[in-house]
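> no sequence on this one, just coordinates:
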């Protein structure tokens, strides 16, 4: 059994929320496909090793500990998910996010309008209404129990904070991408993700907005190695 914090952690910045409304911000991690992978050393590539079934593991939702907060509070800070813990123990009862080793996943960020009639602090799944979801292709990663790329440990050590946690990557120039013709999402490979929240896109059901024109950085992390 392995339990570790995700490195690099997912960090987002949101805009255009209602300053006076209360919101929850949450994250879950979804499988990209139903394949199991293996790392081929001589070609330094991930290859499909077979099919798998994810239905035995229900996705767990991690609610940011600052939730609920006003839109004003969320917009003036970077929202960091550095406390998220991953495990490959399918019997875990501590609330950690359960992932299968050697599979591809991508995080999703959810902005949930606070409903005073519901206690969302302990929710296990997304509500049917008042949710808008975002996903970023560059956050896709492959879960591992040991580093497959020997350069990753050196990269991790280079970005360790005094408390022994990976603190992320250096900031690179911002790239903007058009979404739905008028909404703009900005991505800083730090790996800080900045999203512009458009109320007109708010749906009663969860939706994913896809970024276009952004190339995935070759970054890796604890229990997670990113890549196409």
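Great, that's in hand. Only a predicted model underlies this, so the values are computations on that prediction, with no experimental measurement involved. Residues are numbered from 1 along each chain as shown.
> Could you give the number of residues near the residue nearest to residue 80 when sequence neighbours are not counted?
The spatial neighbour of residue 80 that comes closest, neighbours along the chain excluded (Cβ to Cβ, 6 or more residues apart in numbering), is residue 11 at 4.7 Å. (C-beta placed from N, C-alpha, C; glycine too.) Neighbour count for residue 11, taken as other Cβ atoms under 10 Å: 17.
> What distance do you get for residue 11 to residue 134?
Residue 11 is 13 Å from residue 134, where distance means Cβ to Cβ, to the nearest Å.
> Is the residue nearest to residue 80 in contact with residue 79, as I believe?
Yes. Contact status for residue 11 versus residue 79: in contact at 6.7 Å, counting by Cβ atoms under 8 Å.
> looking at this, residue 72 is in a helix?
Yes. Under DSSP: H, G, I helix; E, B strand; the rest coil, residue 72 sits within a helix.
> and it, what is it in contact with?
Residues in contact with residue 72 (Cβ atoms under 8 Å, 6 or more residues apart in numbering) are 17, 19-20.
> so who does residue 36 touch?
Applying Cβ under 8 Å, 6+ apart, the residues contacting residue 36 are 48-52, 100, 102-103.
> beta partners for it?
For residue 36, the beta-bridge partners are residue 50 (DSSP bridges).
> Give me the buried positions along stretch 11-29.
Within stretch 11-29, the residues scored as buried using 16 or more other Cβ atoms under 10 Å are 11-14, 17, 22-29.
> Would you map the helices across this protein?
Secondary structure of the chain by DSSP state H: the helices cover 71-75, 152-158.
> any idea of the pLDDT on the nearest residue to residue 56 once chain neighbours are set aside?
Residue nearest to residue 56 in three dimensions, not counting chain neighbours: residue 90, with 7.2 Å by Cβ to Cβ, 6+ apart. Residue 90 is assigned 87 on the pLDDT scale.
> Tell me how far residue 90 lies from residue 119.
Separation of residue 90 from residue 119 (Cβ to Cβ): 27 Å.
> out of these two, which sits in the busier spot?
Using other Cβ under 10 Å as the criterion, residue 90 and residue 119 rank with residue 90 on top: 11 against 8.
> isn't that one right up against residue 98?
Yes. If you go by Cβ under 8 Å, residue 90 and residue 98 touch, sitting 5.9 Å apart.
> Need the residues touching each of those two.
Counting by Cβ under 8 Å, 6+ apart, the residues touching both residue 90 and residue 98 are residue 57.
> quick one: terminal-to-terminal distance for stretch 85-93?
Stretch 85-93 has an end-to-end distance of 13 Å (Cα to Cα, to the nearest Å).
> same check, this time on stretch 92-103
In stretch 92-103, first residue to last residue: 18 Å (Cα to Cα).
> hmm, who's touching it?
Applying Cβ under 8 Å, 6+ apart, the contact partners of stretch 92-103 are 3, 28-29, 31, 35-38, 49, 52, 54, 57, 60, 62, 84-90, 105, 142-145, 223.
> which residues touch the nearest residue to residue 40 once chain neighbours are set aside?
Among residues not flanking residue 40 along the chain, residue 47 sits closest, at 5.2 Å (Cβ to Cβ, 6+ apart). By Cβ under 8 Å, 6+ apart, the residues touching residue 47 are 37-40.
> Just checking, which helix or strand of the chain averages the lowest pLDDT?
Across the helices and strands of the chain, mean pLDDT, DSSP states H and E gives its lowest value to strand 183-187, namely a mean of 29.
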